[in-house]
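Undergrad: kindly return the folded structure for what I paste below:
(2 chains)
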Amino acid sequence: MQSALRGLVDESVTIIREVAAEFERPVMLFSGGKDSVVMLHLAARAFAPARVPFPVMHIDTGHNFPEVIEFRDRAVADLDVRLIVGSVQASIDAGRMPDATGPRASRNPLQTITLLDSIAEHKFDAVFGGARRDEERARAKERVYSFRDSFGQWDPKTQRPELWGIYNGRHQPGEHFRIFPLSNWTELDIWRFVEEYDIPLPSIYFAHQRRVFRRDGMWMAESPFLSADADEPVVEQTVRFRTVGDATCTAAIESTASTLTQIIAETAAARVTERGATRADDRISEAGMEDRKKTGYF
Amino acid sequence: MERLRFATVGSVDDGKSTLIGRLLFDSKSIFEDQLEHIEAVSKRRGTDYVDLSLLTDGLRAEREQGITIDVAYRYFATPKRNFIIADCPGHIQYTRNMITGASNVDLAIVLVDARTGIVEQTRRHSLLASLLGVPHLVICVNKMDLVDWSPGVFNRIRDEFEEFAARLSLRDVTFLPISALQGDNVVSRSPNLTWFEGPTLLHHLENVYTASDDNRVDARFPVQYVIRPQRAEHHDYRGYAGRVAGGVFRVGDDIMVLPSGLTTTVTGIDSPNGPLIQAEPNDAATLLLADDLSIARGDMICRPNNRPRQAQSLEAMLCWMDDAAPLQPDRIYSIKHTTKVTRAKVTKVLYRLNISTLHREIEARDLAFNEIGRVELHTTAPLFYDDYHVNRSTGSFILVDEHTGQTCAAGMLLSPRT
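TA: Predicted coordinates for the structure are as follows:
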């Protein structure tokens, strides 16, 4: 009988290999966030001692934490994979969309356009994402092989049935699949894997001192991309990040957990979900994620 | 720690989503922000209690219509086990999603409303569980509060189900009285059900014995991917990667590769978790072999003295899942079986199974959406398979429409009738 964690590892590795065998041009999304780091390490283990047979891609809003970008570059060098960067700034410069403006501007929604443009440019037919079903209620409904039409759209009502471990990746040119090898992982599984398999992560996941301010009940980090309003006092706090995304919409949590053991204990005792605690982008509406996913978001 | 996958199925309004909400809530697996969210939505809608079904009904259309459209997956853990729940829709038109959710589970919970007892959907879902070979079935008689916690009602439903189930091939069936709304006998024992001597639902889920459910006898390894590093330091490395579909492979074992029939020896086993001495069912593994044979994706590795069946003319139970078009005999479909993709046509519908009466309708010529029947099919290349009831991995396949790309049928291979 397999342990639960090993069962997850073997399931994910099997999915990654299946895609590499069946699709012509797969790519793996890699942001340097913990889920994509785990996914890339699983890919490395799936093909060892050979190289990972596809590139990784980061959709960069230009508003990322510098620690994460440094980590990203080091990780792809260590694992000997090719990195493609899809730049939101370049999309704006090319006139694909206007930059986000206004007092609460975030480039987070703009990523979808750069992502779909990059998929089309490189003719990718399978795009691995690190999303997990436990993260959010629309994601709880998604298949492992998730079909996208030529507009990159997800239609939750016409998803293909997915039986046993048999995946159907049939598609026409211009259509693609999003592939979610971590579908059945929980946040705690991710941390247990990081500990057991000794996986390096960006430093901002661990407790550190940072200048933050309170907004919408969350601790936002002061950065070149996000500054406090006059009525939002900036304070120095011991914090860490539970999720890592665009700096304008990812909040920190108060935490002194600086080791994996402490983080696992904190995660196991958490009473708020990771997205609920840290993601401004999910608070837009009751179905914020579903609506974004339908138009091609991660 | 072990993992148990289970599905919840039942008719509309039997309270599946509520039961899952209850399991998550009482095992303290619901987070505060999720609870606040569903409390707010419940209040806005004017329900006078917290509607736990909102936890799993995540899509806009589901919330608007108050029904479950698609399989929702939920995760929770107790100190004893990790659980994956597939919450399957009860509406008839979403039966294909129930099959999707239940195809690879260890256990299925069929909910029965104590007031209405066994209904057509109960029979339909139990039949599907039986066809899919779900190893453990739990019949949860729900809403016991609405029948005054009557042992008579519970016993009558159990007797009725047992009479029906005698015609199915269910291996292990457990009956539990519960009330999901207030949580009676779900996680904790209920003062209302003192006459019931069996376990709570959660206790049963934590303790049901699953270790013997895998086929550990017939060694089967469908080759998924050939690993050839083409790097100087691993110049001679050639590994055959895949997931063990049955039996156990050990270093030193003699093996046979199909279709070539060539034999060699296992010299090493790599895995994502490091080198192994033996690989067991469901393990991802890379087999290293003594001889340099020509082996490709879609080949099957087995033991020389224990081979799967090999045929191009096959018999199967087929569940038709395409709502756009019925099964057309003699039309060519793409078939995916283990790691092999080839083409197939159904040459004959032997009978359609009436899933309410279990009657075999031999006059049927095709299968429409959600219909199930026994068929003969022919493939362009031989399949290496086992009877589905002996091995769910090597006994299952899907048919894919070559034009629309839809997964149009799920099939379970059976030994030909003699």
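
Undergrad: up against chain B, what does the stretch 151-298 of chain A have?
TA: A:156-157, A:159-166, A:168, A:170-172, A:183-184, A:186, A:188, A:270-273, A:276-277, A:286-287, A:290-291 (C-beta under 8 Å from any C-beta of the partner chain). In short, each C-beta sits where N, CA and C put it, glycine included.

Undergrad: wait, residue B:5 sits on residue B:86?
TA: Yes: between residue B:5 and residue B:86 there is a contact under C-beta atoms under 8 Å: 7.1 Å.

Undergrad: overlap of the contact sets of these two?
TA: By the contact definition C-beta atoms under 8 Å, 6 or more residues apart in numbering or on different chains, residue B:5 and residue B:86 are jointly contacted by residue B:105.

Undergrad: between the two, which is the more surrounded one?
TA: residue B:86 (23 against 20; other C-beta atoms under 10 Å in any protein chain shown).

Undergrad: can you show me the CA trace of stretch B:282-290 as CSV?
TA: The C-alpha trace of stretch B:282-290 is given here as CSV (Å, rounded to 0.1, in the frame of the first residue of the first chain):
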residue,chain,number,x,y,z
ASN,B,282,0.1,2.0,-8.9
ASP,B,283,3.9,2.7,-8.4
ALA,B,284,5.4,4.9,-11.1
ALA,B,285,8.5,3.1,-12.1
THR,B,286,11.2,2.9,-14.7
LEU,B,287,12.3,-0.7,-15.6
LEU,B,288,15.9,-1.3,-16.6
LEU,B,289,16.3,-4.5,-18.6
ALA,B,290,19.3,-6.9,-19.3
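
Undergrad: pull out the buried positions in it.
TA: By neighbour count on 16 or more other C-beta atoms under 10 Å in any protein chain shown, the buried set for stretch B:282-290 is B:282-289.

Undergrad: contact partners of it?
TA: Here stretch B:282-290 makes contact (C-beta under 8 Å, 6+ apart) with A:2, A:7, A:9-11, A:13-14, A:17, A:46, B:214, B:221, B:227, B:237-244, B:249, B:255, B:264-272, B:276, B:279, B:295, B:301.

Undergrad: and what of stretch A:80-89?
TA: A:27, A:30, A:40, A:51-52, A:55-62, A:72-73, A:76, A:107, A:110-111, A:113-115, A:117-118, A:122.

Undergrad: which stretches in chain A count as strands?
TA: Ranges of strands within chain A are A:26-29, A:56-60, A:83-87, A:126-128, A:145-148, A:176-179, A:208-215, A:218-221, A:235-241, A:251-254, based on DSSP state E.

Undergrad: gap between the second one and the chain center?
TA: Think strand A:56-60. Strand A:56-60 has its C-alpha centroid displaced from the chain centroid by 10 Å (C-alpha atoms, centre = their mean, to the nearest Å).

Undergrad: against which helices or strands is it packed?
TA: Packed against strand A:56-60 by the contact rule (3 or more C-beta pairs under 8 Å, 6 or more residues apart in numbering or on different chains; DSSP states H and E) you find strand A:26-29, helix A:66-78, strand A:83-87, helix A:88-93, helix A:111-122.

Undergrad: pick out the shakiest of these, pLDDT-wise.
TA: Note on the helices and strands packed on strand A:56-60: lowest mean pLDDT is at helix A:88-93, with a mean of 86.

Undergrad: quick one: it to chain centroid distance?
TA: Remark: helix A:88-93 is offset 20 Å from the chain centroid, using C-alpha atoms, centre = their mean.

Undergrad: can you pull the buried residues of that helix?
TA: Neighbour counts using 16+ other C-beta under 10 Å place A:88, A:91-92 of helix A:88-93 among the buried residues.

Undergrad: tell me the helix or strand right after the worst-scoring helix or strand of chain B on mean pLDDT.
TA: The weakest-scoring helix or strand in chain B, judged by mean pLDDT, DSSP states H and E, is helix B:60-65 (a mean of 65). Using DSSP states H and E, the next helix or strand after helix B:60-65 towards the C-terminus is strand B:72-77.

Undergrad: so which of the contacts of stretch B:282-290 sit within strands?
TA: Mapping the contacts of stretch B:282-290 onto strands (DSSP E) picks out B:221, B:227, B:239-243, B:249, B:255, B:264-270, B:279, B:301.

Undergrad: just the buried residues out of these, in ChimeraX syntax.
TA: Buried residues within the ones in strands among the contacts of stretch B:282-290, by 16+ other C-beta under 10 Å, are selected in ChimeraX with:
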select /B:221,227,239,240,241,242,243,249,255,264,266,269,270,279,301
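
Undergrad: filter the ones in strands among the contacts of stretch B:282-290 down to the ones near chain A?
TA: B:227, B:241-243, B:270.

Undergrad: gap between the residue of the stretch 151-298 of chain A found nearest chain B and residue A:117?
TA: The stretch 151-298 of chain A approaches chain B most closely through residue A:276 (3.2 Å), counting by C-beta to the nearest C-beta. According to C-beta to C-beta, to the nearest Å, residue A:276 and residue A:117 sit 31 Å apart.

Undergrad: excluding chain neighbours, what is closest to residue B:337?
TA: Closest residue to residue B:337 apart from its sequence neighbours, by C-beta to C-beta, 6 or more residues apart in numbering or on different chains: residue B:397 at 3.9 Å.

Undergrad: what of residue A:30?
TA: Leaving aside its sequence neighbours, residue A:30 sits nearest to residue A:56 (C-beta to C-beta, 6+ apart; 3.9 Å).

Undergrad: now residue B:192: how far from residue B:182?
TA: Using C-beta to C-beta, residue B:192 is found at 9 Å from residue B:182.

Undergrad: ok, now which ones touch residue B:235?
TA: Residue B:235 neighbours (C-beta under 8 Å, 6+ apart): residue B:229.

Undergrad: hey, which of the helices and strands packed on strand A:56-60 is tucked in deepest?
TA: strand A:26-29 (a mean of 24; mean count of other C-beta atoms under 10 Å in any protein chain shown).

Undergrad: Provide the strand pairings for that one, with the direction of each partner.
TA: Partner strands and pairing direction for strand A:26-29 (DSSP bridges) are strand A:56-60 (parallel), strand A:126-128 (parallel).
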